[in-house]
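Participant: give the three-dimensional model of this entry:
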Amino acid sequence: MASLINRKLLLIITGGIAAYKTPELVRRLKDEGTEVRVVMTKGAKAFITPLTLQAVSGNPVHDDLLDPAAEAAMGHIELARWADLIVVAPASASAMARLAHGFADDLFTTLCLATDAPVALVPAMNRLMWSAAATQRNLGLLQEDGKLIWGPNEGSQACGETGAGRMLEPQEILQRIQEFFSATYSLHQEAGESAGLLAGKRVLLTAGPTREAIDPVRYLSNHSSGKMGFALAAAAAKEGADVTLVAGPCELTTPAGVTRVDVVSAQDMHSAVMANLAGQDIFIGCAAVADFRPMNIAEQKMKKQDNQNEMQISLIKNPDILASVAQQEGAPFCVGFAAETENVEAYARKKLAQKGIQLIIANDVSQADVGFNSENNAVIAISASATQHFTINSKTEIANQLIALISSELKT
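Facilitator: This is a model prediction of the structure:
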């Protein structure tokens, strides 16, 4: 990642509940040595105070296009020329619409029109607002104008709904900023080449749950959201890998630069993995694959009989995808996951030996704040020679740390 020391970043905060995340973003940028100045719209000040942003940035907050003190030196033009990068976070639906159509009646829109610095928008809004036709048209216009669009994520929202529209976390925005300023990254991207820790490597990974049909209506499954696997796919692609993601049923956006293969059952996933295995350098089995499936799948919906108090379903073992890959001649570097509810490290070590793999990532899914369906995770990485603990963090950051670890293991 590029150094952010002495970089000049103008952060524009528009109206939205996600504005509460911006002080943390400013703090992280300051820790990296970035000079940060903040602009707030009237709507933003309804959610967070200028005093808070002034305290964390160390600079006065700008909020008025016609500030008499600043206008003596054409303050808005000075700010527009000062910035190396302008980041609008959160970028509300209204903010995107006003920028897409060239408004220049407040400090926010005027700055974005009067600058020759790149402008990155970090959307944050209700899922229906994000998917609305008008918002998507405005998104297209902004992209045509060369604006960078970072996000949004999917997940729980302040309104109580779940879906696309959640603003990236501060650490994710920081990473996007670092990528932007990385001269090596930019040059390679312009040349259509890969750069990073896994440049030239091919990575095959699985993510999400599987569904094992009982009848045309019902199935056996688990609580995996796929977020950890998708984060790993994104992190590997960011580091220059050619990534193929075999995904069980999950409502997540495919990471940029990743080839996605959708499957349903464990047998489907096994077939897709084996079909894509040739030439892979790394295999990461992150999916929560069902160990068993119903022996017989009813052709019609199974009906409850009168006075029936119980039902028995015979199960048969599913193929072991991770072991199948590890047993191949010339197998890739294999990484497994162990989602446990007790004796986490002991069970993980046993699985590492049984599967014949190089690295296993274990986590305790009994904890409510990490693991399945959470935005965060905490894991233990175990190899034959070392054990590393990764404390609770966003799944994006955990993924970045794990990809760095896998890269270093490949070189030993």
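Participant: helices of the stretch 1-150 of the chain, start to end?
Facilitator: 22-31, 50-57, 68-71, 75-82, 93-100, 107-113, 127-131, 133-144 (DSSP state H, counting those that start in this stretch).
Participant: quick check: residue 403 touching residue 201?
Facilitator: No. Residue 403 lies out of contact with residue 201 (Cβ atoms under 8 Å); the separation is 10.4 Å. Any C-beta I mention is one placed from the backbone N, CA and C, and that applies to glycine too.
Participant: more neighbours: which of those two?
Facilitator: Neighbours per residue (other Cβ atoms under 10 Å) separate residue 403 from residue 201, with residue 403 holding more: 26 against 22.
Participant: check for me that that one belongs to a helix.
Facilitator: Yes. Looking at residue 403 with DSSP: H, G, I helix; E, B strand; the rest coil, it is inside a helix.
Participant: contacts only, for it.
Facilitator: Residues in contact with residue 403 (Cβ atoms under 8 Å, 6 or more residues apart in numbering) are 197, 198, 232, 235, 236, 239.
Participant: list just the nearest of the residues you listed to residue 361.
Facilitator: residue 232 (9.4 Å; Cβ to Cβ).
Participant: and that closest one, how many neighbours?
Facilitator: 30.
Participant: need the phi and psi values for it.
Facilitator: phi -70, psi -40 (degrees, to the nearest 10).
Participant: ok, it to residue 406 distance?
Facilitator: 9 Å (Cβ to Cβ, to the nearest Å).
Participant: distance of the residue lying closest to residue 83 once chain neighbours are set aside from residue 33?
Facilitator: Nearest residue to residue 83, sequence neighbours excluded (Cβ to Cβ, 6 or more residues apart in numbering): residue 10, at 3.9 Å. Going from residue 10 to residue 33 by Cβ to Cβ gives 16 Å.
Participant: for these two, indicate the residue with more neighbours.
Facilitator: Just comparing residue 10 and residue 33: by other Cβ under 10 Å the higher neighbour count belongs to residue 10, 24 against 11.
Participant: how about the contacts made by that one?
Facilitator: Residue 10 neighbours (Cβ under 8 Å, 6+ apart): 36, 37, 38, 39, 79, 82, 83, 85, 86, 87, 111, 117.
Participant: beta partners of it?
Facilitator: For residue 10, the beta-bridge partners are residue 37, residue 86 (DSSP bridges).
Participant: right, and residue 125 touches residue 97 too?
Facilitator: No. Counting by Cβ under 8 Å, residue 125 does not reach residue 97; the two are 10.9 Å apart.
Participant: need the residues touching each of those two.
Facilitator: residue 135.
Participant: rewinding a little: widest-spaced pair of the contacts of residue 403?
Facilitator: 197 and 232 (13.1 Å).
Participant: where along the stretch 251-400 of the chain do the strands fall?
Facilitator: 258-262, 282-285, 292-294, 315-317, 333-340, 359-364, 376-383, 387-394 (DSSP state E, counting those that start in this stretch).
Participant: what's the most buried one of those?
Facilitator: Across the strands of the stretch 251-400 of the chain, the average number of neighbours (mean count of other Cβ atoms under 10 Å) peaks for strand 282-285, which reaches a mean of 27.
Participant: can you name every helix or strand that that one contacts?
Facilitator: Packed against strand 282-285 by the contact rule (3 or more Cβ pairs under 8 Å, 6 or more residues apart in numbering; DSSP states H and E) you find strand 202-207, helix 227-238, helix 321-326, strand 333-340, helix 395-410.
Participant: paired strands for that strand, with orientation please.
Facilitator: Strand 282-285 is paired, per DSSP bridges, with strand 202-207 (parallel), strand 333-340 (parallel).
Participant: so which of the strands of the stretch 251-400 of the chain gets nearest residue 172?
Facilitator: Of the strands of the stretch 251-400 of the chain, nearest to residue 172 by Cβ to Cβ is strand 387-394, at 7.1 Å.
Participant: so which other helices or strands are in contact with that closest one?
Facilitator: Using 3+ Cβ pairs under 8 Å, 6+ apart, strand 387-394 sits against helix 170-181, strand 376-383, helix 395-410.
Participant: reformat the ones you listed as JSON lines; add mean pLDDT.
Facilitator: Formatted as JSON lines, the helices and strands packed on strand 387-394 follow (pLDDT from 0 to 100):
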{"stretch": "helix 170-181", "mean pLDDT": "87"}
{"stretch": "strand 376-383", "mean pLDDT": "90"}
{"stretch": "helix 395-410", "mean pLDDT": "89"}
